[in-house]
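**Student:** quick one, what's the 3D model for this:
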Amino acid sequence: MELNRLLLLLLTVFLLCLDLFEMSPTRLVCDRRLIQKYITEAMDLEDKVSQCEELPFLQQPVQLPLVGFSLREWMAKTNQDKGRETLRDLANLVDGTAAAHNQLSRGCASPLLQQLYEKASSFLLQLRNFGWQEQNPTAQPESSSQLIPERNLRTIFGTYKQLLRGKLHFLFHDLRKDSCSAEDQQRAASPAALQPPSLTTSRGH
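**Tutor:** Predicted structure coming up:
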């Protein structure tokens, strides 16, 4: 059973890689509708998991990043530092989600957690295309992501939503100002882009 679940996760990541070839980093940043679309999807996932009649606590806590931040401190950072910080948080969230999913058997929350894993993993792969490193070699230990142990599944979904609405939203806003020309934004919002390719695999759904 564990081997089958591992193979399923590996297949999911492979399919996500194929989908990501269809989306350039420029489009992900310049088409501001995309981040709003993914925020809406994150809110929907959180709502769905809240409707599960049985939502057990995890037997073993998983490590989740603390994704809250001070806007004043954020604005003082370079885009490179913002990207690295967001990438670290996202990588830690993906690891925590995978660890939580491995503890679940069949149930209401299991497929929802799988969807969250797929979405967060695809964001992680896409952000890595910008060339940032998850660990800045010159960074001090206190600059690394803070982690908290968590057994509540709802907190995983809330953390993902908060990360999208917070750091990812502001990161894309900052990158858009520096990287997207008016032509880029117009092209991203063209009629051909009205149905943007999903960051999750659409195969089998």
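
**Student:** so what does the helix or strand containing residue 63 touch, helix or strand wise?
**Tutor:** Element membership of residue 63, judged by DSSP states H and E, is strand 62-65. On a contact count with 3 or more Cβ pairs under 8 Å, 6 or more residues apart in numbering; DSSP states H and E, strand 62-65 meets helix 79-103, strand 147-150, helix 153-163. (C-beta placed from N, C-alpha, C; glycine too.)

**Student:** output those as a markdown table; include the columns mean pLDDT and mean neighbour count.
**Tutor:** Shown next, in a markdown table, are these (pLDDT from 0 to 100; neighbours: other Cβ atoms under 10 Å):
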| stretch | mean pLDDT | mean neighbour count |
| --- | --- | --- |
| helix 79-103 | 94 | 21 |
| strand 147-150 | 96 | 14 |
| helix 153-163 | 97 | 22 |
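
**Student:** okay if I get these as JSON lines plus distance to residue 47?
**Tutor:** Shown next, in JSON lines, are these (distance: least, Cβ to Cβ, whole Å):
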{"stretch": "helix 79-103", "distance to residue 47": "18"}
{"stretch": "strand 147-150", "distance to residue 47": "19"}
{"stretch": "helix 153-163", "distance to residue 47": "9"}
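
**Student:** who touches the helix or strand containing residue 177?
**Tutor:** Using DSSP H and E, residue 177 sits within helix 169-179. The contact list for helix 169-179 (Cβ atoms under 8 Å, 6 or more residues apart in numbering) reads 26, 28-30, 32, 35, 39, 71, 74, 79, 82-83, 86, 185.

**Student:** same question for stretch 51-62.
**Tutor:** With Cβ under 8 Å, 6+ apart, stretch 51-62 has contacts from 49, 96-97, 99-100, 103, 107-109, 112, 149-154, 156.

**Student:** and with 6 Å instead?
**Tutor:** 96, 99-100, 103, 108-109, 149-151, 153 (Cβ atoms under 6 Å, 6 or more residues apart in numbering).
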